[in-house]
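1. what follows is a protein structure lacking sequence information:
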């Protein structure tokens, strides 16, 4: 069974119904924050995050003034963080993930035609990337790569 997703303008809360199945996802964390000069965290610990496509400036200078190539975007706060942690979420499904991301885009006023990839494609990428890491692994981002951060 899938997790119920309760949304509001201010929060996205996961309420698992079935503890049997698990799916990995990236969530915001402050663990290892500050170990790099370019670190920042404007998300709530534990909120689902996704990765915006890096802009041309960030592609040229990932540690420069634009952080989109080194950060994750919070689905609840629309904040950004340079660290995330992989979490096994009981009862969370692919459909829940899509609904969470669509709700995020709607709440934040994202125009679907402004995205380079579709919501299902973004969700597939997030699921594939998270699946390759152990639960509890703290990660960072470097453009199109997700890398383990050492505590």
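-> Structure received. Remember, predicted model here, so these are calculated numbers, not experimental data.
2. just give the nearest non-adjacent residue to the residue positioned nearest the centre of the chain, would you?
-> The C-alpha lying nearest the average C-alpha coordinate of the chain belongs to residue 49 (C-alpha atoms, centre = their mean; 1.8 Å). The shortest distance from residue 49 to any non-neighbouring residue, by C-beta to C-beta, 6 or more residues apart in numbering, is to residue 72 (3.7 Å). Heads up, the C-betas are built off the backbone N, CA and C, glycines and all.
3. just checking, the residue nearest to the centre of the chain touches residue 75?
-> Yes - Residue 49 lies in contact with residue 75 (C-beta atoms under 8 Å); the separation is 6.6 Å.
4. any idea how far residue 91 is from the closest residue to residue 51 other than its chain neighbours?
-> Nearest residue to residue 51 in three dimensions, chain neighbours excluded: residue 72, at 5.8 Å (C-beta to C-beta, 6+ apart). According to C-beta to C-beta, to the nearest Å, residue 72 and residue 91 sit 23 Å apart.
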